[in-house]
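> Sequence and computational prediction follow.
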Amino acid sequence: MATSNTIQQAAAATGLSTHTLRYYEKIGLIDPVPRQSNQHRLYRQEDMRWIEFLLRLRATGMSIQQMLRYAELRRLGDRLGSVSERKALLEQHATTLEADLLVLQDTLEMLRGKIAHYASQEEQLKATIDT
């Protein structure tokens with residue numbers, strides 16, 4: 001397994017564009033990525049794990065501002081204030097996700113009910129056609 005990835009490889013592995021990777025680095029969401037002597041970025045495994053975590057946060061609706069705050073706190077290291085605030089940020093996000101999941105589960109149940117209704121209606125209409 002490669003220990004580092006070019007920006008193109010990192011983009012392919014994450015589904016982000018090279019532009020987005022550069023942008024995330026520029027705004028401080030991703031720490032500065034080490035570069036080769038030719039100035040090409042080399043994403044290490046820890047960079048890739050961090051990007052994967054960010055993608056999960058983004059996929060679950062966390063805002064860029066919240067992710068930036070989390071990244072800032074992460075850079076402060078494992079100090080009590082930083083760890084406590086990161087934990088609180090993630091707890092708040094988890095609470096939001098749990099509420100969203102309840103709404104999605106309710107919606108899914110409603111959709112399944114509608115699908116069952118239409119399946120029944122379909123069967124009745126097919127029986128009418130066959131007779």
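All right, it came through fine. Numbers count the residues shown, from 1 in each chain.
> Please make it C-alpha for all contacts and neighbour counts, starting now.
Will do.
> List of residues touching the lowest-mean-pLDDT helix or strand in the chain?
Here the helix or strand of the chain ranked lowest by mean pLDDT, DSSP states H and E is strand 4-5, holding a mean of 92. Strand 4-5 is contacted from outside by 42, 43, 44, 45, using CA atoms under 8 Å, 6 or more residues apart in numbering.
> Need the buried ones from these selected in PyMOL.
Per 16 or more other CA atoms under 10 Å, the buried members of the contacts of strand 4-5 correspond to this PyMOL selection:
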select buried, resi 42+43+44
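> So which of the contacts of strand 4-5 are in strands?
Applying DSSP state E to these, the entries found in strands are 43, 44.
> mind giving me TSV with the contacts of strand 4-5 and columns for distance to residue 16 and pLDDT?
Supplementary listing: the contacts of strand 4-5 in TSV, determined by distance: CA to CA, whole Å; pLDDT from 0 to 100:
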residue	distance to residue 16	pLDDT
42	15	95
43	13	96
44	16	95
45	16	96
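> And the residue nearest to the spatial centre of the chain, what's its pLDDT?
Against the mean C-alpha coordinate of the chain, by CA atoms, centre = their mean, the closest residue is residue 56 at 2.3 Å. Note on residue 56: pLDDT of 97.
> what about it, distance to residue 90?
Distance, residue 56 to residue 90, by CA to CA, to the nearest Å: 12 Å.
> so where do the helices sit in the protein?
7-14, 18-27, 45-59, 64-75, 80-130 (DSSP state H).
> Relative to the whole chain's centre, how far out is the last one?
Distance of helix 80-130 from the chain centroid (CA atoms, centre = their mean, to the nearest Å) equals 18 Å.
> Which neighbouring elements make contact with it?
On a contact count with 3 or more CA pairs under 8 Å, 6 or more residues apart in numbering; DSSP states H and E, helix 80-130 meets helix 64-75.
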